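# Kindly generate the corresponding structure for this input.
(one chain, ligands or ions: 1)
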Amino acid sequence: MKENRIHNFNAGPAALPLPVLEEIRDSFLDLNNCGMSVTEISHRSKWFDDIINDAVVRTKRLLKLDDRFHVLFIQGGASMQFAMIPMNFLPDEKTADYINTGTWSTKAVKEVEIQGKKVNIAASSEDKSFSYIPKEFQFTKDAAYVHITSNNTIKGTEWASFPDTDGVPIISDMSSDFMSRPIDMDKFGMIYAGAQKNIGPAGVCMAIIREDMLEMVPDTLPSMLKYTTYSSKNSMYNTPPCFSIYVIQLVTKWLEETIGGLDKMEQLNKAKGDLLYGFIDSSDFYNATAERDSRSLMNVTFRLPDEDLEKKFIEEAVENGLGGLKGHRSVGGCRASTYNATGIESIEALVGFMKDFEQKNG
Ligand SMILES: *Cc1c(COP(=O)(O)O)cnc(C)c1O
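Residues are numbered from 1 along each chain as shown. Alright, predicted model coming up:
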């Protein structure tokens, strides 16, 4: 089974740790001697309670969250959060600041506008095709919150440190770098992440929300669109996405017990980034597209001398067991997504292939 697994550079859904997949396989017909699969048990059972509680406890330990933070599981992906955030946290008379660093931020802004609420673009990197993270911001005094996208999956940029917002809570879409490094949660009112990039299968979004934020949630919202419904019911007001939550539990266990926490995870991700960007920088054939100080450790975007070569590169990579290297359809080029579960051996294989390809075609 192991032998024909490829080096997986998919952007999302993306690679999961092999030990996690093996554990899913081994316990799939009979979860913890209960005689049923995780997909067959009640979400009100003790078995599922143990799963969701363990996922929450491990998340809190990994991110060093104190008691003020709620860990929630919500369906609808990160895209649903684009709409729920202004519904819950942006009163009509207030303004929210958004920093626009690419497609996902742009979509988040659109959802505020649809609701007819006030949004201020505090900074944007659109002038240079979103190839960098802005350093100067025009924040609104007394903004309800500042929304950022910590990692821009499509353009391959990532915030190295977070802006000073003078006490205004930052809300970050961390879909593609969640749990890839430690985070100082002091500045954040909320972080959220669609699971399918770094922590699990599609079908669930994790949201971590600070207690005081929940006081802003209007009573008038429909139950399923209100964060307080999730926080007061341990994310089980209705049937949660049980299987996805189960896999997240296994991934957080892998992060704690096999990797050794987020400091370790960050070291591994940095080593991977050094290897891949180091090689790209040493070559005249490959060109990284993100500005150096804004480079993502999760999505490495690069170009070859022309589009025909890129097409050939992606095809031959697949023949060599390296998958998912095509850039997002909106931007073209190449992209290697190097999430937590993609190990250094995959980066070594990629760099080996890139050298070879350059020699033959450069
Ligand atoms: C993939 C992605 C999204 C969209 O996630 P869905 O779960 O498909 O809604 C949003 N933001 C970022 C940063 C992403 O990478």
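
# Which pLDDT value does the model give the nearest residue to Leu65 once chain neighbours are set aside?
Among residues not flanking Leu65 along the chain, Met185 sits closest, at 6.3 Å (CB to CB, 6 or more residues apart in numbering). (Glycine included, C-beta is placed from N, CA and C.) Met185 carries a pLDDT value of 96.

# what's the answer for Asn340, then?
For Asn340, the pLDDT comes out at 98.

# In the stretch 1-150 of the chain, what residue comes closest to the ligand?
Closest approach between the stretch 1-150 of the chain and the ligand, counting by CB to the nearest ligand atom: Gly77, at 2.6 Å.

# Pass me the low-pLDDT residue ranges in the stretch 51-200 of the chain, would you?
Residues of the stretch 51-200 of the chain meeting the criterion pLDDT under 70: none.

# Next, the contact list for whichever residue of the stretch 201-350 of the chain sits closest to the ligand, please.
Per CB to the nearest ligand atom, Cys205 is where the stretch 201-350 of the chain lies closest to the ligand, at 6.1 Å. With contact set as CB atoms under 8 Å, 6 or more residues apart in numbering, Cys205 has these partners: 73-78, 80-81, 175, 192-195.

# what bridges to it?
Ile74, Gly194 (DSSP bridges).

# what do you get for Val119?
Bridge pairing for Val119 - DSSP bridges - gives Ala96.

# right, and it touches Ala108 too?
No - using CB atoms under 8 Å, Val119 is not in contact with Ala108; the gap is 9.3 Å.

# hey, what's in contact with both of these two?
Here Val119 and Ala108 have Tyr98 as joint contacts, going by CB under 8 Å, 6+ apart.

# more crowded one of the two?
Ala108 (26 against 21; other CB atoms under 10 Å).

# Using the three-state scheme, assign the residue nearest to Met236 when sequence neighbours are not counted.
Nearest non-adjacent residue to Met236, counting by CB to CB, 6+ apart: His43, 5.9 Å away. On the three-state scheme (DSSP: H, G, I helix; E, B strand; the rest coil), His43 is labelled coil.

# And His43, how close does it get to Tyr230?
14 Å (CB to CB, to the nearest Å).

# Between the two, point out the one with more neighbours.
Tyr230 (22 against 17).

# what separates that one from Thr301, distance-wise?
According to CB to CB, Tyr230 and Thr301 sit 34 Å apart.

# buried residues in stretch 166-183?
Neighbour counts over stretch 166-183 (16 or more other CB atoms under 10 Å) mark 168-181, 183 as buried.

# Do you have the helices of the protein handy? List them.
18-27, 46-62, 77-89, 103-114, 211-214, 227-232, 242-253, 262-282, 307-319, 344-361 (DSSP state H).

# Mind giving me the packing neighbours of the fourth one?
Packed against helix 103-114 by the contact rule (3 or more CB pairs under 8 Å, 6 or more residues apart in numbering; DSSP states H and E) you find helix 77-89, strand 95-100, strand 118-124, strand 146-149, strand 151-152, strand 170-173.

# In its sheet, which strands sit next to the fourth one, and in what direction?
Right, strand 146-149. Counting by DSSP bridges, the strands paired with strand 146-149 are strand 95-100 (parallel), strand 170-173 (parallel).

# Need the ones you listed in a markdown table (columns: distance to Asn269).
Below are those laid out as a markdown table (distance: least, CB to CB, whole Å):
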| stretch | distance to Asn269 |
| --- | --- |
| strand 95-100 | 23 |
| strand 170-173 | 18 |
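
# Distance to the ligand added to those, as JSON lines?
As requested, the strands paired with strand 146-149 are arranged in JSON lines below (distance: least, CB to the nearest ligand atom, whole Å):
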{"stretch": "strand 95-100", "distance to the ligand": "13"}
{"stretch": "strand 170-173", "distance to the ligand": "5"}
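
# Write out the residues of the stretch 51-200 of the chain neighbouring the ligand.
Gly77, Ala78, Ser79, Trp104, Thr149, Thr153, Asp173, Ser175, Ser176, Gly194, Lys197 (CB under 6 Å from any ligand atom).

# Closest to Pro241 out of the residues you listed?
Gly77 (10.7 Å; CB to CB).

# check contacts around the nearest residue to that closest one once chain neighbours are set aside.
Spatially, and ignoring its direct neighbours in sequence, Gly77 is nearest to Gly194 (4.7 Å; CB to CB, 6+ apart). Contacts for Gly194 (CB under 8 Å, 6+ apart) come out as Gly12, Gly77, Ala78, Ser79, Ser175, Ala202, Val204, Cys205.

# let's see 6 Å
By CB atoms under 6 Å, 6 or more residues apart in numbering, the contact list for Gly194 reads Gly77, Ala78, Ser175, Cys205.
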